[in-house]
Every structure is written in structure tokens, then in C-alpha cells.
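Asks: got a predicted model here, sequence first, then my questions.
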Number of protein chains: 2
Amino acid sequence: MNGAESLVHTLLKSGIDTCFANPGTSEMHFVSALDRIPGMRCVLALAETVVTGAADGYARMADRPAATLLHCGPGLANGLANLHNARRANSSIVNIVGDQATHHRPLDAPLTADTEGWARPVSAWTRTSSTAATIGRDAAAAVQAARTSPGQIATLIAPSDTCWNPGGVVAEALDIPPAPTVDEGVLSAVARILRTGEPAVLFMGNDALRESPLAVAGRIAQKTGARMMAPTSNRRIERGAGRQAIARLPYAVEPALAALKGVKHLILVGAKAPVAFFAYPDKPALLYPEDCQIHVLSRPEQDQGEALARLADMLAAHEAAPAAERVKMEPARGAVTSEAVAQTVTALLPDHAIIVDEGVSFGRAFYPGTANAAPHDWLQITGGAIGNGLPLATGAAIAAPGRRVVSLQADGSAMYSLQALWTQAREKLDVTTVILANRKYAILLGELAGVGAAAGKTAMDMLDLTRPALDWVKLANGMGVEAAQAQNMEQLADLFAAANKRKGPFVIELLI
Amino acid sequence: MNGAESLVHTLLKSGIDTCFANPGTSEMHFVSALDRIPGMRCVLALAETVVTGAADGYARMADRPAATLLHCGPGLANGLANLHNARRANSSIVNIVGDQATHHRPLDAPLTADTEGWARPVSAWTRTSSTAATIGRDAAAAVQAARTSPGQIATLIAPSDTCWNPGGVVAEALDIPPAPTVDEGVLSAVARILRTGEPAVLFMGNDALRESPLAVAGRIAQKTGARMMAPTSNRRIERGAGRQAIARLPYAVEPALAALKGVKHLILVGAKAPVAFFAYPDKPALLYPEDCQIHVLSRPEQDQGEALARLADMLAAHEAAPAAERVKMEPARGAVTSEAVAQTVTALLPDHAIIVDEGVSFGRAFYPGTANAAPHDWLQITGGAIGNGLPLATGAAIAAPGRRVVSLQADGSAMYSLQALWTQAREKLDVTTVILANRKYAILLGELAGVGAAAGKTAMDMLDLTRPALDWVKLANGMGVEAAQAQNMEQLADLFAAANKRKGPFVIELLI
């Protein structure tokens, strides 16, 4: 058994059966091993940012890691931006990065790069294997690190000789350390604060945004008068009809401050205290009142459901809070607005769909406007590195077959990772993509004003994507995905309804 | 004057008047400053790998750096693969990376990343500015570092408050250190070796491959019987009719060893001693004979032209060697082969064209087959991080208006950076792109055999791009570039001739 075979066997033993891949020469033994070892689904992508973003989407929906397969330092580098997003989502990913043979590295051949140096800023665990005999146990350790709560990125660098040499040893799966429990004293302190009735917000992130913890938090809020709120960007929110609704903190500084105005206690449940996405001249950086106290009920790596359940018991918060109701509505007609798109999505969303939201500037009404849609999951870009949406949707569809993925995607952001459409076609994934084609970097127009910068002709030209206009129908067709353009809400409704019923991917270019 | 204005003024004073950009919020003051300060051409790209690859192409053709403008750590990360190629080309680039405000960074907002950590592996010089008052002199130091021979990458990280705060100070351009001269003793030693008549190769890289040093080396070779050879991959070779021809070392191990068989002396002129691109089981890593001696005439950062001229004087090598002749030929007809494409390019190449070669597996006959074309420059991918060609062509066209750029581009590689076509359309660049559509990662089929890995159905599936086939006419049209498909050599000749005569870009999808 060579090292590559021991690596694949070990990944399978540790529960990894999906690999998003853009391989090169140094990964050929890994690819070859897949032929002889059944059980690993290998998904090809034509750019590494698709590989890593898809692994992120997969982890969020599967609740377990996929592997990535990347080629040397530059292949990893091309995937770093979406690994940055995945790190901010606390997604569980095992990167396998092939590299120069151990004895070849000192020769500094052209593709040699500082693979470890690039990996470390996004990885909780980084290791370069040194022999075929030990790469198996390195892989088991990588999976253990990746599955450690709340989900981490582990990067295993595999020099080509550690893959091709004989003497590979398959390693058993290692135990995953349990999530640390919440101290009783912390629970008591938070319960005491909530009992005072002073204005309080349960600020809930990460796994606190799943259906069950949200329902428990709803009971606590109902009993104590505390409000519930989620950070601006989140890995996954289970929401829609039958779920406990939760508002998100607005992105912009002023509305965020308004949302938390008067709050005396911010109780963190798997979330960090909110700060502005960027600094702006003469605006505050912390998004909560100066006299607001921060209390940590549970850190992201703790068990949010357990912490909330114990807190609810302590508060005798037994009565279920009203969940979001299903509101039947007609698809919107007429002019294309953010609110109208939310209405149409609500009207036509299949049950248990997965919505991937990279709507950026145009998308601000999508979340509030879909609270009463059929039950669904809401995935967002978490690290601000745009170009996350199409890959996320691709990975989510692989993780959740049978569920429709609806990808609401700004056009400027889509261009960073449009290659994802090809993988959607190849794997026949049930993804409906709505490209929100405003043909500009609209978010930057707001940011330009926000930082107090003047905008003349040259500056405006840098934010303008009309010269030439992108044609998303042709771009999608060019990668084997059927597509059509919608210029008004009637057309969007017809296309969206039809797309959601078909097998495989479809792209709607919505002119906004 | 704010920091951003002092930064732009300083770049202009230091001779940088072109900026390839994909800006975000933290770069808005830089963009805004461009409105008030004339003289900086700002070229927008829709993905950062296009930004950095274009800056590489620009530097190779302009012999001076452009700036890039990138957004925070993840924006830089998306550009690292082509910065890796640029580093291997010794290209001169000044990266300006906007980032979180100095006082905001400790808050770890979502887009915060280890920007310096990602920059360092590709940068000879990295600095994070700390105040608006000092960012001007930081910029001058960055340009000095970038222009230091043989060309380097300098990365200046600009926290947003160093751009928006007042108190900016414009810095004068700093002196560029001269290239170190070659020691007289080294010249004498090399001359002595060449006089022995033992089998010797002048192994010439970097600026030794420009027209004048090549001509001098031709005189030396003619006088001494030494051969001339270039590395497999090179930043820029001035060649074609009227220039001294030079062969390149083959990529694969066996042909490379055969090319240097029997050589007793390898004389390095701005090149490194050749090593295999990858290690392979049971193949040597060094591509020259075991008893071959390595002599360094001049290192990459030295003045190759001066070293060769002094060596030629010492050897009394005054007689010009025969240059490549212009051979008129007809465009090829019939079946599409690598040799036929080279023939058609030779027949139809405009004078002083710039050929960008990322032909990968199919392109192996392109270089030898075009030796007798009209005079032209030959640019290659230097670091093995595929996806270099379309951006290189874009930057070369910006640097050399009036010269036709011919981009010979493998399809698999093209998919990493296809967004470059949009910039070519926007800037109306005179680029003829020939997409070599074999619809597979053909290079990896060879590599799979080379590393001795078996290939079954799963492995072959990872190298296959036919499911679905990419349609490059639609992809190009989708980004505003006119395009057509050629299925045989007659069609290629017609399209290639017409494309080279038109203003602006054109894409030919050649089915191979």
C-alpha cells in the first residue's frame, strides 16, 4: 500500500467520503488511489476558489467535513479567500495539498512556494507529512482537528513521495473532543441578569441558529422579555415557517447602533460581540451602547443547545414561543426591487430549500422579506471575501441531495468564482441561481460615501461594470448551464417557478 | 493632502503611471484620489488573479513596474498565484493592498486576515504603513525595492486611516541601486574554459534573452563552439527574424537530459542551473550530466549585457553570428496539430507582435516552429501556476500599444482567469487569443504516467473537461469579446488573419 492509498483509506475511516478537487501532478497518486478504493466521491472544479467554497457549503449542510485536493502552494493560494470565509463560518474542512517531493523541495523548482506559510493564517492545524508510513496518522489527526468544535480548517501538505512511496499505514479515526460545557456559575449569572428585566439581547451565532436552540431561545425570550438577534453574517440559520424567527444585526453602522439602542446586556450565545465591518472616519467601531455590558453565555466552540436548554430550565421557561407562520402570497409583479424579489422567493420557495445569500447591496430586503416562507436554511458569506456564493451553493447541493438550492447572487461578486457553474452542470446539481445584475460594484458606491471619499469620473469608472455589460445567459451557457434573462418580476416568477421544478442547475439573469 | 493623495503623487514621481485594480472599501480613498491627480491610468479587472498577472505582463514589456490595487488579505490572496509566477519571472511589481484601519484591526472584524503573512512568500519587500505622514515615503521605498535588479515584488499594505487621514507627504523617488558588476576574475575563468573547446553551453536566462545580449552571446558561441540554451520557462525572449535564435531546454526529464548530454561546462548567464519541474520516482532531479561543471558568469540580478560584452571582448569574439532568417510560408491546411498551428502563426504573425505562450501540452511545437517568424517577443508562464496567460496578455497589451498580442492559451488553464477577457474588451486591447480546446487536463495524462500512477475511470474523470464541454465563443461573448470557432487549419488561418487586423480583442476557439 502506498502513502496515497493509506491517506484515502484513513479519510474514509474518519468519515470523509467527499473530496472537492482541482488536482495537478503532485496529486496524481491520490487521484489514482481513488480508482482502487471505493467510497470517495470526487467533485472536480476548474478553479480552486470553487473547491474551497464548495467544501465550506458542504460542511455547513452536512455537519461534517469534506476534503479538498489542491495543487501545491499556488493552488492553495487560489483557494485562500474562500477558506478565509470558511474560517469565519467555523466550517470543518480538511485540505489535502500536494507538493514537491521532500527531496525535491531544496532544489527550488519553479512551482515551489511557501505552502505552509500560506496555509497557516486560515488553518487551525497545519502539518507537512514526511513519510508514506506516517501520512495515514497525519490524516487522522487532520480530521480530528477539523471536527473539533465549532469546526476548524485543517491543512495537510502531502509531498509527492509521501504519496507514491510504499509502506502506507491506515490509521483509525481519532476521538473528537467533546464541546466544553458551560459552567453552572455562568448560567446562574446570566439567569440573574435576565430576571432583572433590564433591556437584554440574546446575541446568537453559529450553531445557536439551528432550529432547536432557536426554539429554546424563543422560550427564554418570551419568559424574560429579552430580545433575540443574530450577527450580520452567519454560517447557517434554520428559519421560515415553523421555526423561531430571529432578526439579524444590520450591516451599516447607524442602523446597527439603532437596533441595539438602549440595550443594557448583550448575552453572547456562540457569537462574538459585534464590531463594524470596516472603520469609518468619525464613526464608532463597537456596535453596542457604551454602557452595555457583555456577558458570554457560551463561546462558539461550546454546545449552544445544551447551554440554552440549561438556562431555560433555570428560568423555568417552558412555554413555547410563537414560531414564524407560513404566509401564502402571490409572486410580485412589475418593477424589480429587493422587496419584490423577496416576495417572489417567499411565494415560490420549495419546502426545505437552501438559500445562499450573496445579494450584497441589492439583497438587503431578502432576509426580512422571506421570514414567512416555507422552512429553509439561510447561508451567507461570513468573511467578506466576495465570490463565496456560487461555490457555497455548489457544495450545499452536494451535501443535501433532494433539496433545492436557491443562490441569490450579486453579479460583481459572481465574477470571482463563475467557474462554479461548470461543476453544477457536471454534477447535475439542483441549483437555481438568480444573478442580480446591477452591472456595478454598487456596495462600493455606498462605501465611498461612508468613508467620506469624493467620487469623480475616474472613481465612478472603477465601480462600473457596463463597459461592456456582462451577459450571464451566455456565460452560463458557455459552461453548460441553461439560462434565461428576466427584465421584470413577471418574468422572474415564471422562470423561478420553472427552474425550481427541473432537475439540474438553471441561471436567471435578473436585470435590476 | 490626505495619505492616499500623497501615495498616488509619490507613485507618479517614482515613475509608476499604471495601476491594475480590483478595489474595495478600504481602497476608496485611493480611487477617489485618482480623480484629483491626473496621470495614473487605472485598469479595472473583475478578479485579482487578472490584476496581478496583468501587472506581470506589463512589467515584462514596459521594463518598469505597474502598481496593483487589491482589497485586504483575501483580495491579495486571490492574486498570489500570479504573483508567484511574477516572482519566478523576476517581474517588478508594486502591490498596494488596502486594509483595516490601524485602530480597527485589533477588533478582528470579519475581513481581517494576516495580510502581511500572505504577502511575504512572494514579496522581496513588505511593509504596513502606520500613518498618513509616512505612507508617501513607504511608497517610494516600495518602488525602489521593486525596481532593484532583476526586478522584485514589493507589497505595501495601506490601512484605511493611513489613506484618509490628513498630513500626507509626497516623497521623492529614491535611487535605484545599480546592478552589481561581474568580477574580472570570473570573466577570465569563464573565458579560459571556453577556450579549451570542451563541450560547453551558455545557459541564458532573464535579461540575457533580449536582442542585444543574445547577439553578443551568438558571437561568443560562434567563436568558441559553445552552444546557447535558455531555460524551459522565461520571462521574455526577443526572437524571430533578425534575432539570434536560442533553443529552450525541454520540459520533460529525458529530453532535457538528452539536450545536455555530454556537456562538460554549463555557464550560467542570468539563469539558474536547471532542475526537474517535479520529482518523479527513479528519475534524476538535476537536468545536467553528473560530471558537468557549473560556472556562474552572472547572477540574475547582474547586468547580463555587460557581462557578455566584456566576455566577448576578452575572447575577441567580434564577428556577428548568423541571425534567424525570415522564412515566408503559407498558413497550414488540414488537420490541427501543434506544428500546423506554429506554421500558421509564422505565416501570419504581424511584425513586432508579442506572443504569450500558455499552450501547455499542445503547445510544445510552438516555440521551435516559430523561430523564423517576423521579429516578436515570447512570454511564458514562469512559475507553473496555470492561469497566467490571459492576464499576461492583457498587461502586455497595456504596456505596448500598437503591437499585436497573440495569446496561445490552453483551455484548462484559461478557465482559472477567464475574467481577463472582460478587461481586454473594456480597454479595447489588440489581443488575439487562440484557445486550444482539447477539453481535458492533457498535461496531467502525461504526468500521471510520469509518476507511475495507474489511471482508471475515476482518475481519468478528474482530467476530463467534456462533461459538459466549455463553449469559448459564448464565454468570450458573455464578457463582450467577439469570438468564433475554428475546426480546421483553413478556418484558423482565416480567423487569425482577420483578428490580427482588427482593433480590439478577438477569441478563436480552436478544436484540437
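Replies: That came through fine. Residues are numbered from 1 along each chain as shown, chains lettered A, B, ... in the order given.
Asks: quick one: the helices in the stretch 351-500 of chain A, in order.
Replies: A:366-369, A:389-399, A:411-414, A:420-426, A:442-450, A:457-461, A:472-478, A:489-501 (DSSP state H, counting those that start in this stretch).
Asks: just the stretch 51-200 of chain A next, same as before
Replies: All helices of the stretch 51-200 of chain A, identified by DSSP H, counting those that start in this stretch, fall at A:72-78, A:80-88, A:115-119, A:135-147, A:160-164, A:184-195.
Asks: and A:Ala324, how far is that from A:Val345?
Replies: 15 Å (Cβ to Cβ, to the nearest Å). In this view, the C-beta of every residue, glycine as well, is placed from N, C-alpha and C.
Asks: re the thing from before, will you turn the helices of the stretch 51-200 of chain A into JSON lines that also has mean pLDDT?
Replies: Listed next are these as JSON lines, based on pLDDT from 0 to 100:
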{"stretch": "helix A:72-78", "mean pLDDT": "98"}
{"stretch": "helix A:80-88", "mean pLDDT": "98"}
{"stretch": "helix A:115-119", "mean pLDDT": "98"}
{"stretch": "helix A:135-147", "mean pLDDT": "98"}
{"stretch": "helix A:160-164", "mean pLDDT": "97"}
{"stretch": "helix A:184-195", "mean pLDDT": "98"}
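Asks: now stretch A:152-161: buried residues?
Replies: By 16 or more other Cβ atoms under 10 Å in any protein chain shown, the buried positions in stretch A:152-161 come out as A:Gln152, A:Ile153, A:Ala154, A:Thr155, A:Leu156, A:Ile157, A:Ala158, A:Pro159, A:Ser160, A:Asp161.
Asks: among those, which are within reach of chain B?
Replies: When these are filtered against chain B using Cβ under 8 Å from any Cβ of the partner chain, the residues retained are A:Ser160, A:Asp161.
Asks: coming back round to it: which one of A:Ala324 and A:Val345 has more residues nearby?
Replies: Higher neighbour count among A:Ala324 and A:Val345: A:Val345, with 25 against 18, using other Cβ atoms under 10 Å in any protein chain shown.
Asks: now the more buried one. Nearest residue, chain neighbours left out?
Replies: Of all residues not flanking A:Val345 in the chain, A:Thr370 sits nearest, at 5.6 Å (Cβ to Cβ, 6 or more residues apart in numbering or on different chains).
Asks: likewise for A:Val143?
Replies: Leaving aside its chain neighbours, A:Val143 sits nearest to A:Ser14 (3.9 Å; criterion: Cβ to Cβ, 6+ apart).
Asks: just for the stretch 201-350 of chain A, where's the confidence low?
Replies: Within the stretch 201-350 of chain A, no stretch has pLDDT under 70.
Asks: does the residue in it positioned nearest to chain B count as helix, strand or coil?
Replies: The stretch 201-350 of chain A approaches chain B most closely through A:Ala279 (3.7 Å), counting by Cβ to the nearest Cβ. Secondary structure, DSSP: H, G, I helix; E, B strand; the rest coil: A:Ala279 is coil.
Asks: same check on the one 10 residues further on?
Replies: A:Pro289 carries the three-state label coil when classified by three-state DSSP.
Asks: got the contact list for it?
Replies: Contacts for A:Pro289 were tallied using Cβ atoms under 8 Å, 6 or more residues apart in numbering or on different chains; they are A:Leu257, A:Leu260, A:Lys261, A:Gly262, A:Val263, A:Lys264.
Asks: narrow the residues you listed to those in helices?
Replies: Mapping the contacts of A:Pro289 onto helices (DSSP state H) picks out A:Leu257.
Asks: got a pLDDT number for the residue nearest to A:Arg147 when sequence neighbours are not counted?
Replies: Distance criterion Cβ to Cβ, 6+ apart; nearest residue to A:Arg147, sequence neighbours excluded, is A:Ile176 at 4.7 Å. The model reports A:Ile176 with a pLDDT of 97.
Asks: A:Ile176 against A:Ala145, yeah?
Replies: No: contact between A:Ile176 and A:Ala145 fails when scored by Cβ atoms under 8 Å: they sit 9.6 Å apart.
Asks: compare the two and say which is more crowded by neighbours.
Replies: More crowded of A:Ile176 and A:Ala145, by other Cβ under 10 Å: A:Ala145, with 24 against 15.
Asks: from A:Ala141, how far out is the residue nearest to A:Arg147?
Replies: Using Cβ to Cβ, A:Ile176 is found at 12 Å from A:Ala141.
Asks: likewise A:Val481?
Replies: Using Cβ to Cβ, one obtains 39 Å as the distance from A:Val481 to A:Ala141.
Asks: who has more neighbours out of these two?
Replies: A:Val481 (24 against 18).
Asks: now A:Ala189: closest residue in space that isn't a chain neighbour?
Replies: Of all residues not flanking A:Ala189 in the chain, A:His295 sits nearest, at 7.0 Å (Cβ to Cβ, 6+ apart).
Asks: ok, residues contacting the one helix or strand that neighbour maps to?
Replies: Secondary structure assignment for A:His295, by DSSP states H and E: strand A:293-298. Strand A:293-298 has contacts (Cβ under 8 Å, 6+ apart) with A:182, A:186-187, A:189-190, A:193, A:202, A:208, A:264-270, A:273, A:288, A:304, A:307-308, A:311.
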